[in-house]
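**Q** Here's my sequence, what's the structure:
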Amino acid sequence: MAVVAVLVAGESVMRLVSPGPIDFSAALVVAIIGLAVNLLSAWLLREHPHAHGCRHDHNREAAFVHVLSDALTSALAIAALYCGRRYGLAWLDPLMGLVGAVVIARWSTGLLRRTGAALLEAGPSAAGRGHAPH
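**A** Numbering: from 1, shown residues only. Got it, this is the predicted structure:
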């Protein structure tokens, strides 16, 4: 996700520097469909109450954060595309791309820290797994 954030930011900067034509109607339809699919996916991936003693599923969390970040960027794109079409503010679309890239980068950094700590057994969850102190 961090790599995607960098790619989105780069494309957004390029579109701010060198804007091109935007088919607002088609882009809005795609963004609305994307938002609906991502919200459905997030609902399906939400954390279910689990039995006592089960470990946290980092893969599910990563997928959930991914679709939530996609949903947020879709919502930002919808707002920017609407304002672009309605008020002629086409620069809002790449600007919202930059905002979305920052959000994705922050979420992915947090996820990397948590999963890295779990993989290295440096996190607080390692103490409760019956490991004897050295």
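**Q** rest of the way, CA atoms for contacts and neighbours
**A** Fine.
**Q** Poorly predicted segments of the protein, please.
**A** For the chain, the stretches flagged by pLDDT under 70 are 48-55, 122-134.
**Q** can you pull out the helices in it?
**A** Using DSSP state H, the helices assigned to the chain run over residues 2-17, 24-45, 58-87, 92-119.
**Q** Which parts of the longest one count as buried, going by neighbours?
**A** Think helix 58-87. Neighbour counts using 16 or more other CA atoms under 10 Å place 61-62, 64-84 of helix 58-87 among the buried residues.
**Q** Next: the shortest one.
**A** By neighbour count on 16+ other CA under 10 Å, the buried set for helix 2-17 is A2, A5, V6, V8, A9, G10, S12, V13, R15, L16.
**Q** In terms of secondary structure, what does it contact?
**A** Using 3 or more CA pairs under 8 Å, 6 or more residues apart in numbering; DSSP states H and E as the contact test, the elements touching helix 2-17 are helix 92-119.
**Q** Restrict stretch 77-88 to CA atoms and write it as PDB.
**A** What follows is the C-alpha trace of stretch 77-88 in PDB, where atoms were taken according to Å, rounded to 0.1, in the frame of the first residue of the first chain:
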ATOM      1  CA  ALA A  77     -12.600  11.500  -6.000                       C
ATOM      2  CA  ILE A  78     -16.400  11.800  -6.100                       C
ATOM      3  CA  ALA A  79     -16.400  15.100  -4.300                       C
ATOM      4  CA  ALA A  80     -13.500  16.400  -6.400                       C
ATOM      5  CA  LEU A  81     -15.100  15.300  -9.700                       C
ATOM      6  CA  TYR A  82     -18.500  16.700  -8.800                       C
ATOM      7  CA  CYS A  83     -16.900  20.100  -8.000                       C
ATOM      8  CA  GLY A  84     -14.800  19.900 -11.100                       C
ATOM      9  CA  ARG A  85     -17.800  19.300 -13.300                       C
ATOM     10  CA  ARG A  86     -20.100  21.800 -11.400                       C
ATOM     11  CA  TYR A  87     -17.700  24.600 -10.800                       C
ATOM     12  CA  GLY A  88     -14.800  24.100 -13.200                       C
END
